Structure formats: C-alpha cells, structure tokens
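# Okay, sequence plus prediction incoming.
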Amino acid sequence: MEKTKNIAPHVMACKRCEGKGRIFYLDQGGAPLSAKCPVCNGSGRVNTRIEPFVPGEDDTELMTM
C-alpha cells in the first residue's frame with residue numbers, strides 16, 4: 001500500500017538572489033542584465049540543505065507501508 005504524505009519542508013529565501021530568483025548585474029556598457037539564479041534555479045527559495053526548492057516536487061514524499 002502506497003500513500004503520499006505532505007511534508008512541510010524547511011524552506012528559506014535564497015541568499016544569492018535575495019529570494020527574487022534572478023541575479024541582476026550590469027554588462028560592460030552599463031546596461032542592466034539579469035539571469036536565473038544558479039543556486040535556487042529561479043524559484044527564489046532553497047531547502048535548509050541549500051538545495052533548490054521545487055514547488056510540487058519537494059513538498060510531497062512517497063511513503064510505502
């Protein structure tokens with residue numbers, strides 16, 4: 001018998017992008033650019049294990065009984 005259990009993950013804002021999901025910087029000409037944060041993969045949140053938090057994937061766990 002398999003059940004799915006909702007688990008409250010220990011989630012915090014990403015320190016690299018300050019929870020925005022994107023990193024902003026200036027190019028050589030001074031024009032603003034942005035890129036997806038490599039630490040949180042654009043979600044703006046990380047688990048306390050400092051892994052990207054994927055909504056819908058990391059908040060459920062398959063349990064076998």
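Here it is on my side, so go on.

# Now do the buried residues in stretch 25-40.
Buried residues in stretch 25-40, counted by 16 or more other CB atoms under 10 Å: 37, 39-40. No exception for glycine: its C-beta is placed from N, CA and C like everyone else's.

# Between the residues you listed, which sits nearest Pro55?
Lowest distance from Pro55 to those (CB to CB) belongs to Cys40, with 11.5 Å.

# where does this protein have low pLDDT?
Applying pLDDT under 70 to the chain flags residues 1-9, 49-51, 58-65.

# 50 instead?
Applying pLDDT under 50 to the chain picks out residues 63-65.

# Would you map the strands across this structure?
2-6, 11-13, 22-26, 32-36, 45-47, 60-64 (DSSP state E).

# Show me what counts as buried in the second one.
What that stands for is strand 11-13. Buried positions in strand 11-13, judged by neighbour count with 16+ other CB under 10 Å: Val11.

# Describe which strands that strand pairs with in its sheet and in which direction.
Paired neighbours of strand 11-13 in the sheet (DSSP bridges): strand 45-47 (antiparallel).

# Excluding chain neighbours, what is closest to Lys36?
In space, and not counting its chain neighbours, Lys36 is closest to Gly42: 4.2 Å by CB to CB, 6 or more residues apart in numbering.

# how about that neighbour, what does it touch?
21-22, 36 (CB atoms under 8 Å, 6 or more residues apart in numbering).

# Of those residues, which is the nearest to Met12?
Checking these against Met12 with CB to CB, the nearest one is Gly21 at 13.8 Å.

# residues near that closest one, how many?
16 (other CB atoms under 10 Å).

# Hmm, Ser43 and it touching each other?
Yes: contact criterion CB atoms under 8 Å: Gly21 and Ser43 qualify, at 5.9 Å.

# Residues that sit against both of those two, list them.
Common neighbours of Gly21 and Ser43 (criterion: CB under 8 Å, 6+ apart): Cys14.
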